[in-house]
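Visitor: please work out how this folds:
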Amino acid sequence: MTQHKVIADDSLSAMDEISRVLGKDAVILKTQKVNGKIEILGSNNIEDIASSNAKKINNKKNNFSHLFTNHNLEKDNQVRKYNTVIKNQNIKNDINSQNHSEIKNDNFDKNFVDVETFKTFTTKIENMLKNMIITDIDDYNKDKHNSLTINLLKKGFSKTIISEFQSKIINDKEITDLELFFYHHLAKKLVFPYEDQIINSDVLFLNGPTGSGKTTLCAKISSYVLDNLLSANEKHKLSIINFGPKSSDYSELLNFGKLLNLNVDSVSSLNDLIQCIEKNKFKTKLIIDVSQENKNLSGYLDYLEKVTLKKNCSNLLTIPASTNKNMINSMMNFYKNSFPKIALTKLDESNISAEELSILAELNCKISVLSGSRSIIGSIAFAKTEVLAQYMKDISI
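Guide: Next up is the predicted model:
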């Protein structure tokens, strides 16, 4: 049998019938719709198969030809590539390559591109394929590692983080729950213990965008210090400073200060801030709520990077759970030299996604504090590996 015609309700059924009758190597010669049915003509004749394969090769060449622009090649490259074409086509004529290069110069321009153009093209293809996986669907469930990779990618975790994890457990056959193990691995990479740093820091800067929950977190940290470090008659040893423009409204911070019976001051210039810190050196623990407007104040970032080199100074960067990965990347690049630790805020309003957790891990960020924003009642929650792992598992269900 060489050709076989099938009429079916849909293409899939028709294709199955062609494969069943003619074999898996059969080719489709013609497909048309007749009276609402799909009519397919197939063949397993060797000549038909060869003709079909030749057409596919020509179509592939035509499909990709528009991706390349015409550029002149260097003379030596033209000769080398053209000779390769001659060899592959089994042309035995002994033609001087130099002369042929000059005669066929126009044809070279149409068929080849220079190295730089090809590099640009391949870079674009690599960007398109980033975070994509090519796999055999029949083997999808045979390898639990491959299956986990696809599941985690679907949930939003980056290929970089997943690959790093896979390289660590590729030969470990004793792990029963790979996904849970992945969450613990990522949490361990992200979490940084912070209780001792808060206790030991004489100056704590709270940086972050407007509306990120800095003021609420400032009150929670103050409450934690009062409960765990200072006695009832030592409240004067803790002060809160609002570092913002003169026109900034810090009434909420003042209200928190009154509620906690703490002194709250406000400074607007960098010089005033430096004097305040020097004045209270070794006398008072300072928590500084930095306004978003003042982060770009001339000299502030340089001063922050310099002062956080000291063990008794700490920079805590508030990042709301709803922040996208581009904003996270931008903030971390801005504060990267001031050793920021991360406070994930507004966790009672939204969840941080797998995509954002991935970029935090890729940037080697350290999450130290977990905080809500609707109330200052309750103690501050320090990040722990088990808690963050369980959180990731819950939000990915």
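Visitor: helix, strand or coil for residue 33?
Guide: The three-state label given to residue 33 by DSSP: H, G, I helix; E, B strand; the rest coil is strand.
Visitor: adjust the sequence numbering to begin at 53 for everything that follows.
Guide: Done: numbering now begins at 53, and the last item shifts to residue 85.
Visitor: leaving out chain neighbours, which residue sits closest to it?
Guide: On the basis of C-beta to C-beta, 6 or more residues apart in numbering, the spatially nearest residue to residue 85 that is not a chain neighbour turns out to be residue 91, at 7.2 Å. (Each C-beta comes from the backbone N, C-alpha and C, glycine too.)
Visitor: check for me that the one you found belongs to a strand.
Guide: Yes. Under three-state DSSP, residue 91 falls within a strand.
Visitor: which strands and helices lie in contact with the helix or strand hosting residue 200?
Guide: With elements taken from DSSP states H and E, the one containing residue 200 is helix 196-207. Using 3 or more C-beta pairs under 8 Å, 6 or more residues apart in numbering; DSSP states H and E as the contact criterion, the elements in contact with helix 196-207 are helix 211-221, helix 230-242.
Visitor: quick one: average confidence on it?
Guide: Confidence for helix 196-207, expressed as mean pLDDT, is 76.
Visitor: same check, this time on stretch 310-323
Guide: Averaging pLDDT along stretch 310-323 yields 90.
Visitor: isn't residue 380 right up against residue 370?
Guide: No. In this structure, residue 380 is not within contact of residue 370 by C-beta atoms under 8 Å, at 11.9 Å.
Visitor: neighbour count for the two, which is higher?
Guide: It is residue 370, of residue 380 and residue 370, that has more neighbours when counted by other C-beta atoms under 10 Å, with 29 against 21.
Visitor: name the helix or strand for the nearest residue to residue 232 once chain neighbours are set aside, please.
Guide: Closest residue to residue 232 apart from its sequence neighbours, by C-beta to C-beta, 6+ apart: residue 445 at 6.4 Å. With the criterion set as DSSP H and E, the secondary-structure element containing residue 445 is helix 437-447.
Visitor: which residues does that helix contact?
Guide: Around helix 437-447, the neighbours that count as contacts under C-beta atoms under 8 Å, 6 or more residues apart in numbering are 231-232, 235-236, 238-240, 242-243, 403-406, 409, 419, 422, 433.
Visitor: could you rerun that using 6 Å?
Guide: Residues outside helix 437-447 that contact it (C-beta atoms under 6 Å, 6 or more residues apart in numbering) are 235-236, 239-240, 243, 403.
Visitor: would you mind checking which of these is nearest to residue 358?
Guide: residue 243 (27.2 Å; C-beta to C-beta).
Visitor: surely that closest one meets residue 435?
Guide: Yes. Look at residue 243 against residue 435 with C-beta atoms under 6 Å: they come within range, at 4.8 Å.
Visitor: which of the contacts of helix 437-447 sits closest to residue 258?
Guide: Lowest distance from residue 258 to the contacts of helix 437-447 (C-beta to C-beta) belongs to residue 243, with 19.5 Å.
Visitor: find me the pLDDT at the closest one, would you?
Guide: 93.
Visitor: next up, the contacts around it.
Guide: Contact criterion C-beta under 6 Å, 6+ apart gives 419, 435, 437, 440 as the residues in contact with residue 243.
Visitor: what bridges to it?
Guide: When bridges are assigned using DSSP bridges, the partners listed for residue 243 are residue 419.
Visitor: how close does it get to residue 84?
Guide: Separation of residue 243 from residue 84 (C-beta to C-beta, to the nearest Å): 62 Å.
Visitor: buried residues in stretch 243-252, which are they?
Guide: Residues of stretch 243-252 classed as buried: 243, 246, 249-250 (neighbour count, 16 or more other C-beta atoms under 10 Å).
Visitor: my error: substitute stretch 299-314 in the last question.
Guide: By neighbour count, and taking 16+ other C-beta under 10 Å as the criterion, the buried residues in stretch 299-314 are 300, 302, 305, 308-309, 312, 314.
Visitor: what would those residues look like in JSON lines with secondary structure and distance to residue 385?
Guide: Converted to JSON lines, those look like this (DSSP: H, G, I helix; E, B strand; the rest coil; distance: C-beta to C-beta, whole Å):
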{"residue": "300", "secondary structure": "coil", "distance to residue 385": "25"}
{"residue": "302", "secondary structure": "coil", "distance to residue 385": "28"}
{"residue": "305", "secondary structure": "helix", "distance to residue 385": "28"}
{"residue": "308", "secondary structure": "helix", "distance to residue 385": "31"}
{"residue": "309", "secondary structure": "helix", "distance to residue 385": "33"}
{"residue": "312", "secondary structure": "helix", "distance to residue 385": "35"}
{"residue": "314", "secondary structure": "coil", "distance to residue 385": "34"}
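Visitor: low-confidence regions, the stretch 203-352 of the chain specifically.
Guide: Screening the stretch 203-352 of the chain residue by residue with the criterion pLDDT under 70, one finds the ranges 221-227.
Visitor: show me where it has its strands.
Guide: If DSSP state E, counting those that start in this stretch is used as the criterion, the strands of the stretch 203-352 of the chain fall at 255-259, 290-295, 315-319, 337-342.
Visitor: okay, those strands in a markdown table with mean neighbour count and distance to residue 75 next?
Guide: Rendered in a markdown table, the data for the strands of the stretch 203-352 of the chain read as follows (neighbours: other C-beta atoms under 10 Å; distance: least, C-beta to C-beta, whole Å):
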| stretch | mean neighbour count | distance to residue 75 |
| --- | --- | --- |
| strand 255-259 | 23 | 68 |
| strand 290-295 | 23 | 78 |
| strand 315-319 | 17 | 83 |
| strand 337-342 | 23 | 73 |
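Visitor: got these as JSON lines, with distance to residue 216 columns?
Guide: Formatted as JSON lines, these follow (distance: least, C-beta to C-beta, whole Å):
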{"stretch": "strand 255-259", "distance to residue 216": "29"}
{"stretch": "strand 290-295", "distance to residue 216": "38"}
{"stretch": "strand 315-319", "distance to residue 216": "44"}
{"stretch": "strand 337-342", "distance to residue 216": "33"}
